[in-house]
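K.L.:
Got a predicted model here, sequence first, then my questions.
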Amino acid sequence: MSGAEQESGHRDNSTEGSRQQSTSQVAIKPPRGTYDILPGETDAWQRLESLAREVFLAAGYREIRNPIFEHTELFKRAVGETTDIVNKEMYTFTDKSDRSLTLRPEGTAGVVRAYLNGGMHRWSAPVKLWYAGPMFRYESLKAGRQRQFNQIGLEAFGSASALMDAEVIMVAHALLSKAGVNNFRVEINSIGCSACRPAFREALKAHLAPCLGELCTDCQDRYERNPLRMLDCKVKADQSHYQDVPVSVDFLCNDCSEHWHELTSLLNAQQIKTVYNKRLVRGLDYYTKTVFELVCDDPRLGVSSTLCGGGRYDNLVEVFGGPPTPAAGWAAGVERLLILLGGQPAYRPDVFIVSANQAEALKLACELRAENIICELDYPTRTAMRSFSKQLQQANKSSAPWTVIAGEEELASGAVALKDMSAGSQQRVARSELGRLLHDLINTQKAGQTPASP
Ligand code: ATP
Ligand code: MG
């Protein structure tokens, strides 16, 4: 993300003061925590999205597109009433029919709802889905945090096997590696299930009881309502109290313990950097057994070093009235990934058309565009085309490596002149051959730019 975008995320965009001014003076700014993704920046977005599509398809995941708003109840039940997301961060509003709706703060709840509403629980298992799109959270704005941000994520339904947890993690690993993110690690933990977690919760409470008065008010509240949430606290002063807490893996039941050992041995065999993080609980309540994060300590991310987070959620489908269905998934923050990926090449057309004849110039442009050749032409401010030399100046400005010069004389004989802008050389080409020749030239140039694969 560029500095300009970050700035727009942090600016005080208050429009209150400007209400007094006349309409022509009011500069309407984007709401705080939102920003425009401008041409030039969208190139990097598209590249990451198409890379994600390739990685998902190779692993058998298919796309799902959900509504951006859902009934508020969906997130309360799925994400959990004691989480920061539900407690403090949701964009909730009442519509004209008095329904409470919420802009989605995360993707899993909507996908689980659609899994049931779309009858996917009757499909043969596993059902593997991916999604991409904007999420909304009313958060305090720091580097790497917006109020409208984008996630790419996946969900796999119908397998209780640790192999599925491992696959889900490996797909996230493949995406980050292929995108060119360096120096990241996979942090994992197991937080058990409804059979073994109560014992862990009680041990945690017993350990923290003596220092309760020194903790932040949120954690004092979490202590009674959901003590595991305390380990996800972002308040610095509380952290010292959470260093030597009891660890969840010591309390796992046989089933969870077996699952944990299978997962760690599967991941150890993959030659990826996996780190056991005993305090990892994640910010959402629906997880069971495995939780994980892909973390990168690059200074450009500031404190927001988690690129991707996920885990297993074996009870969520049942919470929404479905059959018992084990599941696992993750979501990655697109903006955070793009902070690390910067430095993308700028847009430029392949070819610029110079002609005295508007109709022919447009026709030629449409023919080349139909062959997926990126093509620009000069747009005069009056009806007549500008002089050839003015048009050639535009061609130069556009940085197109080739210019097609379609003079009346050449057009009459079914030909054009093709100019190589860096060499300055020019050749006559039959119009019927132009598309094929340009494709050859473009491919040769691309091959020269990209190092050959080993
Ligand atoms: P954090 O602990 O950083 O608040 P989280 O547990 O709330 O993270 P998730 O809900 O798991 O995050 O979201 C998955 C990913 O989405 C995060 O790892 C991050 O990359 C991205 N993300 C979450 N919230 C934001 C935000 N407000 N702005 C930008 N990206 C975000
Ligand atoms: Mg958060």
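P.N.:
On my side now, so go ahead. Residues are numbered from 1 along each chain as shown. Ligands and ions are numbered 1, 2, ... in the order given.
K.L.:
Excluding chain neighbours, give the residue nearest to Tyr371 in space.
P.N.:
Quick fix: residue 371 is Glu, not Tyr. Gly435 (4.4 Å; Cβ to Cβ, 6 or more residues apart in numbering). Glycine gets a C-beta too; all of them are placed from N, C-alpha and C.
K.L.:
Contact partners for that neighbour?
P.N.:
367-368, 371, 373 (Cβ atoms under 8 Å, 6 or more residues apart in numbering).
K.L.:
For ligand 1, see how far away it is.
P.N.:
43 Å (Cβ to the nearest ligand atom, to the nearest Å).
K.L.:
A strand includes that residue, no?
P.N.:
No - counting by DSSP: H, G, I helix; E, B strand; the rest coil, Gly435 is not part of a strand but helix.
K.L.:
List only buried entries from the contacts of Gly435.
P.N.:
Buried members of those, scored by 16 or more other Cβ atoms under 10 Å, are 368, 373.
K.L.:
Looking at the contacts of Gly435, which one is closest to Ser140?
P.N.:
Ile373 (47.5 Å; Cβ to Cβ).
K.L.:
And that closest one, how close does it get to Arg145?
P.N.:
For Ile373, the distance to Arg145 (Cβ to Cβ, to the nearest Å) stands at 41 Å.
K.L.:
and Glu293, how many neighbours?
P.N.:
23 (other Cβ atoms under 10 Å).
K.L.:
then the helix or strand where it lies to PDB, C-alphas only?
P.N.:
Using DSSP states H and E, Glu293 falls within strand 288-296. The C-alpha trace of strand 288-296 is given here as PDB (Å, rounded to 0.1, in the frame of the first residue of the first chain):
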ATOM      1  CA  THR A 288     -11.700 -25.800  18.000                       C
ATOM      2  CA  LYS A 289      -8.400 -27.800  18.100                       C
ATOM      3  CA  THR A 290      -6.000 -26.200  15.600                       C
ATOM      4  CA  VAL A 291      -5.400 -22.400  15.400                       C
ATOM      5  CA  PHE A 292      -2.600 -20.900  13.300                       C
ATOM      6  CA  GLU A 293      -1.200 -17.700  12.000                       C
ATOM      7  CA  LEU A 294       1.200 -16.900   9.200                       C
ATOM      8  CA  VAL A 295       3.400 -14.200  10.700                       C
ATOM      9  CA  CYS A 296       6.100 -11.900   9.200                       C
END
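K.L.:
and it, what other elements does it pack with?
P.N.:
Judged by 3 or more Cβ pairs under 8 Å, 6 or more residues apart in numbering; DSSP states H and E, the packing partners of strand 288-296 are helix 162-179, strand 184-190, helix 254-268, strand 306-312, strand 327-333.
K.L.:
Can I get the longest one in PDB, CA atoms only?
P.N.:
These are the backbone C-alpha positions of helix 162-179, laid out as PDB (Å, rounded to 0.1, in the frame of the first residue of the first chain):
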ATOM      1  CA  ALA A 162      -5.400 -33.500  10.500                       C
ATOM      2  CA  LEU A 163      -4.500 -33.900   6.900                       C
ATOM      3  CA  MET A 164      -7.100 -31.300   6.100                       C
ATOM      4  CA  ASP A 165      -5.600 -28.800   8.700                       C
ATOM      5  CA  ALA A 166      -2.200 -29.400   7.100                       C
ATOM      6  CA  GLU A 167      -3.500 -28.900   3.600                       C
ATOM      7  CA  VAL A 168      -5.300 -25.700   4.500                       C
ATOM      8  CA  ILE A 169      -2.100 -24.400   6.100                       C
ATOM      9  CA  MET A 170       0.000 -25.500   3.100                       C
ATOM     10  CA  VAL A 171      -2.300 -23.600   0.700                       C
ATOM     11  CA  ALA A 172      -1.800 -20.400   2.700                       C
ATOM     12  CA  HIS A 173       1.900 -21.100   2.700                       C
ATOM     13  CA  ALA A 174       1.900 -21.600  -1.100                       C
ATOM     14  CA  LEU A 175       0.000 -18.400  -1.700                       C
ATOM     15  CA  LEU A 176       2.500 -16.300   0.400                       C
ATOM     16  CA  SER A 177       5.500 -18.000  -1.100                       C
ATOM     17  CA  LYS A 178       4.300 -17.700  -4.700                       C
ATOM     18  CA  ALA A 179       3.400 -14.000  -4.100                       C
END
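K.L.:
can you list contacts of it?
P.N.:
So helix 162-179 is in contact with 48, 51-52, 54-56, 59, 61, 126, 152, 154, 156, 184, 186, 188, 259-260, 262-263, 266-267, 270, 272, 289-290, 292, 294, 307-308, 310, 312, 326, 328-330, 332, 337, 341, going by Cβ under 8 Å, 6+ apart.
K.L.:
if you set the cut-off to 6 Å instead, what comes out?
P.N.:
Residues from elsewhere that reach helix 162-179 (Cβ atoms under 6 Å, 6 or more residues apart in numbering): 51-52, 55, 59, 156, 184, 186, 259, 262-263, 266-267, 272, 290, 292, 294, 308, 312, 328, 330.
K.L.:
ok, now the second one?
P.N.:
Strand 184-190 is touched from outside by 169, 176, 249, 260, 273-275, 277, 280, 289-296, with contacts defined as Cβ under 6 Å, 6+ apart.
K.L.:
go again using 8 Å as the cut-off
P.N.:
The contact list for strand 184-190, computed with Cβ under 8 Å, 6+ apart, reads 169, 172-173, 176, 248-249, 252, 256, 259-260, 263-264, 267, 272-281, 289-296, 307.
K.L.:
domain ranges for this structure?
P.N.:
Domains of the chain are assigned by automatic domain parsing as 1-30, 42-196+252-341, 351-446.
K.L.:
for those domains, which one ends up most surrounded?
P.N.:
domain 42-196+252-341 (a mean of 18; mean count of other Cβ atoms under 10 Å).
K.L.:
residue nearest the centroid of the protein?
P.N.:
Most central in the chain under Cα atoms, centre = their mean is Val334, positioned 2.8 Å from the mean C-alpha point.
K.L.:
what's the nearest residue to it if we skip its chain neighbours?
P.N.:
Asn150 (3.9 Å).
K.L.:
Now whichever strand or helix holds the one you found - C-alpha only, PDB.
P.N.:
Asn150 is part of strand 148-157 when elements are defined by DSSP H and E. Only the C-alpha atoms of strand 148-157 are listed here, as PDB (Å, rounded to 0.1, in the frame of the first residue of the first chain):
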ATOM      1  CA  GLN A 148     -12.800  -1.400   5.100                       C
ATOM      2  CA  PHE A 149     -10.100  -4.000   4.300                       C
ATOM      3  CA  ASN A 150      -9.900  -6.900   2.000                       C
ATOM      4  CA  GLN A 151      -9.500 -10.600   2.700                       C
ATOM      5  CA  ILE A 152      -8.800 -13.600   0.600                       C
ATOM      6  CA  GLY A 153      -9.800 -16.800   2.400                       C
ATOM      7  CA  LEU A 154     -10.800 -20.400   2.200                       C
ATOM      8  CA  GLU A 155     -13.000 -22.900   4.000                       C
ATOM      9  CA  ALA A 156     -12.900 -26.700   3.800                       C
ATOM     10  CA  PHE A 157     -16.000 -28.600   5.100                       C
END
